[in-house]
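Enquirer: Sharing a model prediction with you, sequence too.
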Amino acid sequence: MSKKKKNKPTLNKSNIKNKEILNCLIFLLVLFSYMLPSYSEDMPKSKDDTKKTSNELNVIVTPANAKQGDVVCVKIEKDSKCSGAPKVFFDKTKYSVFELSDKYYRSLLPITANYKVGKYTIEIFYKGKVKRIDLQVNETKYPLQELTLTKEVAGLQASKIEKDSVNRALSNFSQKKLWTGKFLNPSDASLSTVYGVKRRVNGTINPDYFHKGLDFAAKEGSDIKSPEDGVIVLVGQNSKGFVVNGNCVFIDHGQSVISGYLHLSKILVKEGEFVKKGQLIGKVGSTGIASGPHLHWGIYISGKTVDPINWTSMIIE
Ligand SMILES: [Zn+2]
């Protein structure tokens, strides 16, 4: 009896254990069969599908985190059923949106050298929906330059005609994208001052000032070439009131991108003229506020300057 009593419970125990394992396996199998299809449905089918979900706007932001001087590219996938274009807001400003291709709209956001470091939100309104994407703006360390200027030169300010003409030119861009690849350097000379440099002029730092382009240490009379295809939107002359920029040329590359060339000795293009990538547009000089012959080259996105280095080192869509 005592043997039977001892055997029975051990048999029962192993039976229960086997049943438990079996039940557990069935449960796991059922659970897995439920999980499997939904998991594979959510898996990205290709790289392009990474950020796509059926009920959301498909937006690609490049770079995902920006630094001062960058331009941020916001691509929004088109919906053929929707007739209106998307609206893009960033830091309380509405930015222009253009047709990039049959598949995408695109907006460019300028992150100037003096942009406050921090977390921002890009808001995209399209198809009756809104998508908000966080964008971190990081600091770029810019050098400080010591400059000594005569009181007369240091006190010079852009004339009204100069300011008005440049502002008009910067807001006068075509809807068509005219550039196709990396921008060429407009001068063969080496750089003397990079973008974003802060200046101490006669011992005083102006906190609002930063260098709004690249300076090429080019010789008087050397060639200036158009870095990409575009239309001349402004030809300014020192003799006609362009006291700061001197003789200058501004080129519209389309879709909010404009480039500017300052302090020229000679201008070889006319307003309204279409220029090809690499075409000669003028000669280096020292007109306007310039301590010597050099080319100042600026790139403006919706009227705000960004670092031209980004445009010569990579293709911005
Ligand atoms: Zn400059």
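Expert: Here it is on my side, so go on.
Enquirer: Tell me the residue of the stretch 201-317 of the chain that sits nearest the ion?
Expert: H296 (3.4 Å; C-beta to the ion). All C-beta spots, glycine's among them, are computed from the backbone N, C-alpha and C.
Enquirer: so that residue sits in a helix?
Expert: No: applying DSSP: H, G, I helix; E, B strand; the rest coil, one finds H296 to be strand, outside a helix.
Enquirer: my guess is it meets H263, correct?
Expert: Yes: between H296 and H263 there is a contact under C-beta atoms under 8 Å: 5.9 Å.
Enquirer: Any stretches of the chain with poor pLDDT?
Expert: By pLDDT under 70, the low-scoring segments of the chain are 1-55.
Enquirer: Could I get the contacting residues of the one residue sitting closest to the centre of it?
Expert: In the chain, the residue lying closest to the centroid (C-alpha atoms, centre = their mean) is V71, at 1.6 Å. Shown in contact with V71 (C-beta atoms under 8 Å, 6 or more residues apart in numbering): L108, L109, P110, I111, I301, V306, N310, W311, I316.
Enquirer: Pull the most distant pair out of these.
Expert: Farthest apart among those by C-beta to C-beta are L109 and W311. That separation is 14.7 Å.
Enquirer: ok so, going back, apart from its chain neighbours, what residue comes closest to the residue nearest to the centre of the chain?
Expert: V306 (4.8 Å; C-beta to C-beta, 6 or more residues apart in numbering).
Enquirer: Just list the residues touching the one you found, thanks.
Expert: Contacts here follow C-beta under 8 Å, 6+ apart; on that basis V306 touches G69, D70, V71, P110, I111, T112, Y195, I299, Y300.
Enquirer: Greatest separation within those: which pair is it?
Expert: Checking these with C-beta to C-beta, the most distant pair is D70 and Y300, at 14.1 Å.
Enquirer: residues of stretch 201-214 that come out buried?
Expert: Of the residues in stretch 201-214, F210, H211, K212, G213, L214 count as buried by neighbour count, 16 or more other C-beta atoms under 10 Å.
Enquirer: and what of stretch 155-162?
Expert: A158, E162.
Enquirer: same deal with stretch 64-74?
Expert: A66, K67, Q68, G69, D70, V71, V72, C73, V74.
Enquirer: and the gap between the last one and T93?
Expert: Relative to T93, V74 is positioned 13 Å away (C-beta to C-beta, to the nearest Å).
Enquirer: in the stretch 51-200 of the chain, what residue is nearest the ion?
Expert: T193 (5.8 Å).
Enquirer: so who does that residue touch?
Expert: Contacts of T193 (C-beta under 8 Å, 6+ apart): Q145, H211, L214, D215.
Enquirer: Against K75, how distant is it?
Expert: 33 Å.
Enquirer: repeat for L170
Expert: Taken as C-beta to C-beta, the span from L170 to K75 is 24 Å.
Enquirer: Please say which of the two ends up with more neighbours.
Expert: L170 (22 against 17; other C-beta atoms under 10 Å).
Enquirer: ok, that one touching I301?
Expert: No: applying C-beta under 8 Å, one finds L170 not in contact with I301, separated by 9.6 Å.
Enquirer: in the stretch 51-200 of the chain, which spans are strands?
Expert: Taking DSSP state E, counting those that start in this stretch as the criterion, the stretch 51-200 of the chain carries its strands at 59-62, 66-67, 71-77, 87-90, 93-95, 98-99, 104-110, 118-126, 129-138, 144-147, 191-193, 198-201.
Enquirer: Comparing the ones you listed, which comes out most buried?
Expert: The highest mean neighbour count among the strands of the stretch 51-200 of the chain, using mean count of other C-beta atoms under 10 Å, belongs to strand 104-110: a mean of 22.
Enquirer: how does the chain divide into domains?
Expert: The chain breaks down into these domains under automatic domain parsing: 1-43, 48-138, 144-313.
Enquirer: winner for burial among these?
Expert: Taking mean count of other C-beta under 10 Å, domain 144-313 is the most buried of the domains of the chain, at a mean of 18.
Enquirer: what about L262, which SS state?
Expert: Reduced to three states by three-state DSSP, L262 is strand.
Enquirer: partner residues bridging the closest residue to it other than its chain neighbours?
Expert: Once flanking residues are discounted, L262 sits nearest to H296: 4.1 Å by C-beta to C-beta, 6+ apart. Going by DSSP bridges, H296 is paired in beta bridges with D215, L262.
Enquirer: you'd agree I316 is up against V72?
Expert: No: I316 sits out of contact with V72 when judged by C-beta under 8 Å, with a separation of 9.9 Å.
Enquirer: okay, and the common contacts of the two?
Expert: L108.
Enquirer: give me the element F250 is part of.
Expert: Assignment of secondary structure by DSSP states H and E places F250 within strand 247-254.
Enquirer: Cheers, nothing more for now.
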